[in-house]
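[1] model this:
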Amino acid sequence: MTSENHSLPPFVGMENLLNGNFIAGALAGLAKLGIADLVAAGPRSAADLASEIGADASALYRLMRATASVGVLAEQEDGRFAQTPLSECLRTDATPSLRDLAIMGGREWSALGWSQIEYSIRTGKPSIDKVYGMPIFEYMGKHPEEAAIFNGAMTAISSIDSPAVAAAYDFSRFGSIVDVGGGHGLLLATILAKTPGLKGTLYDLDFVVAGAGEGPLAPFMDRCSFASGDMFASVPAGADGYIMKHIIHDWDDERCIKILKACRAAVNPGGRLLVVDSVIAPGNGFSPSKFLDLQMLLMPGGLERTEVQFRALFEAAGWRLIRVVPTMSLDSILEAEPA
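    The predicted structure follows:
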């Protein structure tokens, strides 16, 4: 019997799990250095790349060798490194590009937030507030460079999620829809492109909406409008559908109920609420959502929810969960009607 037939001892399995932060850190470094862009035209050696980017050749080789061991780059027999499908995702011009997402994982605020996880577990409060003395979104507002990386990462995620949402749900049932907290409108633009005749409203904070007209919604200016305000108090009234993606998971139940009640007061008779978020399944199976849930605890103070938790949340705000629609991304669409 070969060694491959034996299961790993528990301590070895645990050691492999603990190495996960090393992998994420290495990928952050690879992304920050722009290596995936530099090998786009063909294989390159670490020495060649080091002279171009001003790095230590030996150290750069060690970084590339490590990431190649998890499929991000591939070391050839001549010592040069070639692109792989995984490293392609870190190219700046990839569609989608996950470069900013990789870089974000290596930023100081992310590491410090996770370093204080014990505080969050003991108190139920965001660790980032303890680290910086302010909520994460306030911190981003005061640090434009970090905000740019964060926004780039969120745009990358949205470029994956938005087509999946548009493909999974028939939006032709609506004459009008409001995207609550829709950023620069990538989700709304994707929905409008798939649904001729549908009219949409992008709703977010005023400084966010200010730049949206030149973004993804530019081709649909004849079918979309823009509004700004406080979603915890009210949303634009008179639409058939209200959709929000990755909004509910940012907040605790109390604040989520305020948002959902605002949508309930505004929706047309027979209208629908569509919440796009991950849904944690029961059982011990691995799910990225279970770890994203911890990220939500540490940073904004929100959470990922189970279907049972969503159902109760909706009921508290005057909605009734009808169904959960899976998508090709990690998210599902939770559809609710007025109760």
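
[2] what about the strands in the chain?
    Applying DSSP state E to the chain gives strands spanning 74-75, 81-82, 176-180, 199-204, 224-228, 241-245, 272-277, 279-280, 305-306, 319-326, 332-338.

[3] list the neighbouring strands of the first one plus their orientation.
    Right, strand 74-75. Note on strand 74-75: by DSSP bridges, its sheet partners are strand 81-82 (antiparallel).

[4] contacts for the partner strand?
    Strand 81-82 has contacts (CB atoms under 8 Å, 6 or more residues apart in numbering) with 39, 42-46, 64, 68, 73-76. Glycine gets a C-beta too; all of them are placed from N, C-alpha and C.

[5] give me the contact list for the worst-scoring helix or strand of the chain on mean pLDDT.
    When the helices and strands of the chain are scored by mean pLDDT, DSSP states H and E, helix 206-209 comes last with a mean of 85. For helix 206-209, contacts defined as CB under 8 Å, 6+ apart pick out 183-184, 202-203, 226-229.

[6] list the buried ones in that helix?
    208-209 (16 or more other CB atoms under 10 Å).

[7] repeat that for stretch 122-131.
    Buried residues in stretch 122-131 (16+ other CB under 10 Å): 126-129, 131.

[8] start and end of it, how far apart?
    15 Å (CA to CA, to the nearest Å).

[9] of the contacts of helix 206-209, which is the most crowded?
    Leu202 (28 neighbours; other CB atoms under 10 Å).

[10] distance of it relative to Ser87?
    Here the criterion is CB to CB, to the nearest Å. By it, Leu202 lies 34 Å from Ser87.

[11] before we move on, what about Gly20?
    From Gly20 to Ser87 the distance is 19 Å (CB to CB).

[12] picking that back up, with just CA atoms, put the least confident helix or strand of the chain into CSV.
    The C-alpha coordinates for helix 206-209 follow below in CSV (Å, rounded to 0.1, in the frame of the first residue of the first chain):
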residue,chain,number,x,y,z
ASP,A,206,-25.5,61.1,-3.2
PHE,A,207,-21.7,61.0,-3.7
VAL,A,208,-22.0,57.4,-5.1
VAL,A,209,-24.8,58.2,-7.5
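
[13] residues touching Trp319, list them.
    260, 264, 273, 336-339.

[14] not counting its neighbours along the chain, what's nearest Arg323?
    Spatial nearest neighbour of Arg323, chain neighbours left out: Glu335 (5.3 Å); criterion: CB to CB, 6 or more residues apart in numbering.

[15] hmm, that neighbour is touching Arg320, no?
    No: Glu335 is not in contact with Arg320 according to CB atoms under 8 Å; the separation is 9.9 Å.

[16] of those two, which one has the most company?
    Higher neighbour count among Glu335 and Arg320: Glu335, with 19 against 13, using other CB under 10 Å.

[17] quick one: terminal-to-terminal distance for stretch 170-186?
    Stretch 170-186 end-to-end distance (CA to CA) = 18 Å.

[18] how about stretch 92-112?
    Note: stretch 92-112 ends 26 Å apart using CA to CA.
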